[in-house]
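**Q** Below is the sequence, then the predicted model.
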Amino acid sequence: MKHLLPEGWKAPIGYANGIAVDAGRLVFLAGQVGWNADQVFESEELVPQFRQALANILAVLAEAGGRAEHICRITAFCCDRNAYLAARRELGAVWRELMGTHYPAMSMIFVSDLLDHPGKIELEATAVLPRAS
């Protein structure tokens, strides 16, 4: 996996502009919200929901034999831009706790609502697992 940074560009903080991967096993992870395995939201707050949604992504990825460092792309859909901006430090701490210093290509999209209430954030991802030797 190679992070792509064109010559002369300032390095992004907290994400990669792009990632190049030699062919491997592709894993597409559906949108995960901040509910537990029983599909129950334990919090209506953004940070705990982000923690749970990211943990859910990693749990589904683990079913395919993958780990955080195999994630190449994450798209986040968030219902509250102001809450997101206010919680960036806390969200970063959760990220480092669960993902370490691995930063895939990412997009943040602010939406008016999510299907699952009282969901505040939904994450979807693509991972590439190394070829089996």
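**A** In hand now; what should we look at? Residues are numbered from 1 along each chain as shown.

**Q** what mean pLDDT would you report for the particular helix or strand that has Glu124 in it?
**A** Using DSSP states H and E, Glu124 sits within strand 121-129. Averaging pLDDT along strand 121-129 gives 97.

**Q** quick one: buried residues of the top helix by length along the chain?
**A** Longest helix of the chain, by residue count under DSSP state H: helix 46-63. Buried residues in helix 46-63, defined by neighbour count with 16 or more other Cβ atoms under 10 Å: 46-58, 60-61. C-beta here means a position set from N, CA and C on the backbone, and glycine is covered the same way.

**Q** From the residues you listed, pick the one nearest Ala11.
**A** Closest approach to Ala11 among the buried residues of helix 46-63 (Cβ to Cβ): Leu54, at 22.8 Å.

**Q** can you map out the strands along this protein?
**A** 2-4, 18-20, 25-33, 71-78, 105-110, 121-129 (DSSP state E).

**Q** Against Arg88, how distant is the residue nearest the centre of the chain?
**A** A centroid search over the chain (Cα atoms, centre = their mean) returns Ile74, at 4.5 Å, as the residue closest to the centre. Remark: distance between Ile74 and Arg88 (Cβ to Cβ, to the nearest Å) = 16 Å.
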